[in-house]
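Student: give me coordinates for this.
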Amino acid sequence: MNLADLSRPRVLTWHVHGSYLYYLAHTPCLFILPVKEGRPEGYGGRGGNFAWPENVVEVPAEEIPDTDFDLILFQSKRNYVRDQFDILTPGQRRLPRIFLEHDPGLESPTNTKHPVDDPNALLVHVTAFNDLMWDSGKTPTRVIEHGVSVPDDVRYTGSKDRGISVVNHLERRGRRLGADVFGRVTQEVPIDLAGMGSEEFGGLGDLPHRELLQREADYRFFFNPIRYTSLGLSVLEAMMIGLPMVGLGTTEMNNVVENGVSGYVDTRVDRLVEHMQRLIADPDEAARLGEGARQRALERFNIDRFATEWRTTFEEVASRRSHPSSADIPAALQA
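Tutor: Residues are numbered from 1 along each chain as shown. The predicted model follows:
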């Protein structure tokens, strides 16, 4: 399959995080997604509850060796240590490459070594916190903060005197994602949960993207119970709609939410409960904070800035001469 006459740069990547891929597709490039029968992990193509644009195309994995593209965008350790050897030719593996790291280091907050240790690659982090905490070795790094957008007709009303949280598989992912915090808070504050597996908490389930945004607009505030992960796109979407934000003051959240201006962050859960109870009792205060949250999101996380930064990065990396990887991937890492 020859895609040489289509948009450039042409980026080969995998479907790892659907929401992020949806926003990344706002970049004026061609994104080539390998797909396999049964749509296993990483090979889901244009799946999920998203309105995919035309610059995201599916190519059967067995046709990838005959497909032209300019660079490789890895989005997971599995992509890097396994998938590239399964579907790419040796020549394709020498193409310019970027590793997009979605998460902070999980083995240790400060001492986790990144699987990429290659001076000829580029490691892109989605938050400055992640860049600070990972041990990135010899790999040069760059931070491209999230960009999001919401439909023009989806705006905060706050008509429900309840909060909402959006976390996928909260019960299964436990303390790191704040399952215990969510359970503790909901004993005192009415909060609905959305996301994959949320039915286990009596939640709303995995709603189509636009429907989720529309329903969020009626809640009084958004609560983020997560202790340790990257900055969630759902947090920024809620802020863009105009929901005031309440959450744990950890990771990048401290650098996004300004207390008394766009919501409240704190490591003291009892204080967060007090803030949420006050927002339920005072819709005018909630609306004021929600407007502050929206302005913050528009200024810092707008989709045009995000797409421009990614287009510049893709063009810069694609212009580099092809290089072999600086080191073989150890067999133990591939396990």
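Student: so what's the residue count around the closest residue to V16 other than its chain neighbours?
Tutor: In space, and not counting its chain neighbours, V16 is closest to Q75: 3.9 Å by CB to CB, 6 or more residues apart in numbering. All C-beta atoms are positioned from the backbone trio N, CA, C, and that covers glycine. If you count neighbours by other CB atoms under 10 Å, Q75 ends up with 23.
Student: kindly report the same for V261.
Tutor: Once other CB under 10 Å is used to define contacts, V261 is seen to have 15 neighbours.
Student: cool, G137 as well?
Tutor: Neighbour count for G137, taken as other CB under 10 Å: 16.
Student: before we move on, what about H15?
Tutor: Neighbour count of H15, defined by other CB under 10 Å: 22.
Student: is it in contact with Y43, as I believe?
Tutor: Yes. With contacts counted by CB atoms under 8 Å, H15 reaches Y43, the gap being 7.0 Å.
Student: G47 against P40, yeah?
Tutor: No. Under the criterion of CB under 8 Å, G47 makes no contact with P40, lying 11.2 Å away.
Student: look at these two and report which has more neighbours.
Tutor: With neighbours defined as other CB under 10 Å, G47 and P40 compare such that G47 has more, 14 against 10.
Student: for the more buried one, what are phi and psi?
Tutor: Backbone torsions for G47, taken as degrees, to the nearest 10, come to phi -80, psi 170.
Student: how close does it sit to R39?
Tutor: Distance from G47 to R39, counting by CB to CB, to the nearest Å: 6 Å.
Student: same check, this time on G163
Tutor: 34 Å.
Student: follow-up on the earlier one: how close does the residue nearest to V16 sit to V124?
Tutor: Q75 is 10 Å from V124, by CB to CB.
Student: joint contacts of those two?
Tutor: When contacts are counted by CB atoms under 8 Å, 6 or more residues apart in numbering, Q75 and V124 have F99, L100 as shared neighbours.
Student: show the contacting residues for the residue nearest to V16.
Tutor: Contact analysis of Q75 by CB under 8 Å, 6+ apart lists T13, W14, V16, H17, Y20, F99, L100, H102.
Student: how about TSV for those, with neighbour count and secondary structure added?
Tutor: As requested, the contacts of Q75 are arranged in TSV below (neighbours: other CB atoms under 10 Å; DSSP: H, G, I helix; E, B strand; the rest coil):
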residue	neighbour count	secondary structure
T13	22	strand
W14	25	coil
V16	18	coil
H17	19	coil
Y20	18	helix
F99	24	strand
L100	23	strand
H102	17	coil
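Student: tell me the one of those nearest Q295?
Tutor: Nearest to Q295 among those: Y20, at 23.4 Å, using CB to CB.
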